[in-house]
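Q: Got a sequence here, can you build the structure:
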Amino acid sequence: MTHFGFLSTYPPTRCGLATFTEALSDALTVSPLDSADVVRVIDDTDLALPHRIGASPRVRAELIAGDIGSRIGATSTLNACDVAIVQHEYGIYGGDDGGEILDVLAAMTTPTIVVLHTVLPSPTAHQREVLTQVCALASLTVVMTSGARDMLIDQYAVEPTSVHVIPHGVTNLAVTAESPHARRRVLTWGLISPGKGIEWGIRAIAQLTDLDPEVEYIVAGQTHPKVLAHAGESYRASLTQLVDELGISSSVHLDGRYLDSGELAALLASTDVVLLPYDSRDQATSGVLAEAVAAGIPVVATGFPHAVELLAGGAGIVVEHENPSAIASALRNILTREGVAAHMRAAALHDASEMTWSAVADQYRLLAATLNAAAAA
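A: Just a heads-up that it's a prediction; the model follows:
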């Protein structure tokens, strides 16, 4: 019997960390003997929403940037658990580079696992200092790729024995067969914001208008709530304008809905290629990438670290950043060359069982048991 505590954003907040924490907490509590309490990290965009504590039976407290009282309450809630699992991303905590998380970790008395969603290869001095202290204050640190572990050890001087690699979990989306569709379908999905590089994907599709059957590019997902709060729909409007300028409005569909798992599974079942044209050179993990590979869909992605590592086995093609010609060439290769897509699907599905949330939860459960045994001793 284990009582897990979580510190993270959490639904109804819509972001990658919230989805990650909900899925991991679900997987860790499949047994009625195990339980989970969540301290929900919220920001100014969340404060305006009419839910707060009580939106989920798991949410016991909040952590609000700059609020010392909430910091004390968050620490108290987590210290009442057997083990705390803390999601770390610079942008979700208060203070310079999210430095307020250090006060919470310093006050923790329960064993703590920190999960790093970003490990920057070229951090500022303060970013390096914050992350180094985060790892020092944690009992154990989890990253999701071997590359992130190497970077943490080599560039942040973190003790190697304290760093563990556990992959990003994936939902069983039940993608079993392709649904019939008239056109070849390329898909980008997730929360939309500048930096997703969708403009490069659109420019690439404009270079594939000669293909028969035609290529359809679907961009599925609502604008990121933080972007929407501060910049409105300006990025989406710029994408629509680009589509019109290129004269490919019949080939590109911007779907602004937030897809639930059933809707996503149906869309993936009719998708030929998943495209991730991200601008970031530093992204250490991508839930969308993990889901695409686990679903057996060929992937074209720019060379951010998670893509380079996860696609090395042949599940997709890594291309240069901000290069629509390279993206178009990769898409053409997958869509027109016989056997290429089938080979990528086979490579993607080969190790998919190791990425299910159930398998991932087992690894976290083992770490928690190790920490609890050490505390008892």
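Q: Which helix or which strand is home to the closest residue to residue 66 other than its chain neighbours?
A: Closest residue in space to residue 66, ignoring its immediate chain neighbours: residue 94 at 5.0 Å, by Cβ to Cβ, 6 or more residues apart in numbering. Any C-beta I mention is one placed from the backbone N, CA and C, and that applies to glycine too. Residue 94 belongs to no helix or strand when elements are defined using DSSP states H and E.
Q: Also residue 127?
A: Short version, using DSSP H and E: residue 127 is in helix 125-137.
Q: Tell me where the stretch 51-200 of the chain has strands.
A: Taking DSSP state E, counting those that start in this stretch to define them, one finds strands in the stretch 51-200 of the chain at 59-64, 83-88, 112-116, 140-143, 163-165, 184-189.
Q: Out of those strands, which gets nearest to residue 4?
A: Counting by Cβ to Cβ, residue 4 lies closest to strand 83-88 out of the strands of the stretch 51-200 of the chain; the figure is 6.1 Å.
Q: mind saving the C-alpha coords of that closest one as CSV?
A: The C-alpha trace of strand 83-88 is given here as CSV (Å, rounded to 0.1, in the frame of the first residue of the first chain):
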residue,chain,number,x,y,z
VAL,A,83,6.5,9.4,-1.6
ALA,A,84,6.2,12.7,-3.6
ILE,A,85,6.5,12.8,-7.4
VAL,A,86,7.3,16.4,-8.5
GLN,A,87,7.1,17.5,-12.1
HIS,A,88,9.7,20.1,-13.0
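Q: Residues touching it, excluding its own?
A: 2-9, 17, 20-21, 24, 78, 98, 101, 104-105, 108, 110-118, 131, 134, 138, 364, 368, 371-372 (Cβ atoms under 8 Å, 6 or more residues apart in numbering).
Q: Make CSV out of the strands of the stretch 51-200 of the chain and add distance to residue 328, mean pLDDT and mean neighbour count.
A: What follows is the strands of the stretch 51-200 of the chain, written out as CSV (distance: least, Cβ to Cβ, whole Å; pLDDT from 0 to 100; neighbours: other Cβ atoms under 10 Å):
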stretch, distance to residue 328, mean pLDDT, mean neighbour count
strand 59-64, 44, 94, 21
strand 83-88, 36, 98, 26
strand 112-116, 34, 98, 24
strand 140-143, 33, 98, 24
strand 163-165, 34, 97, 17
strand 184-189, 10, 96, 23
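Q: Contacts only, for the residue positioned nearest the centre of the chain.
A: In the chain, the centroid-proximal residue (Cα atoms, centre = their mean) is residue 287; its distance is 3.4 Å. By Cβ under 8 Å, 6+ apart, the residues touching residue 287 are 16, 19-20, 168, 170, 190.
Q: Return the subset of the residues you listed lying in helices.
A: 16, 19-20 (DSSP state H).
Q: How many residues are close by residue 364?
A: By other Cβ atoms under 10 Å, 21 other residues sit near residue 364.
Q: same check, this time on residue 201
A: Around residue 201 there are 25 residues (other Cβ under 10 Å).
Q: got it, and the one 10 residues further on?
A: By the measure other Cβ under 10 Å, the count of residues near residue 211 is 15.
Q: How about residue 157?
A: Residue 157 has 11 nearby residues by other Cβ under 10 Å.
Q: now for the helix of greatest length in the chain, which elements pack on it?
A: In the chain, taking DSSP H as the definition, the longest helix is helix 357-376. Helices and strands touching helix 357-376, by 3 or more Cβ pairs under 8 Å, 6 or more residues apart in numbering; DSSP states H and E, are helix 16-28, strand 83-88, strand 112-116, strand 140-143.
Q: at 10 Å instead, please
A: strand 3-8, helix 16-28, strand 83-88, strand 112-116, strand 140-143, strand 163-165 (3 or more Cβ pairs under 10 Å, 6 or more residues apart in numbering; DSSP states H and E).
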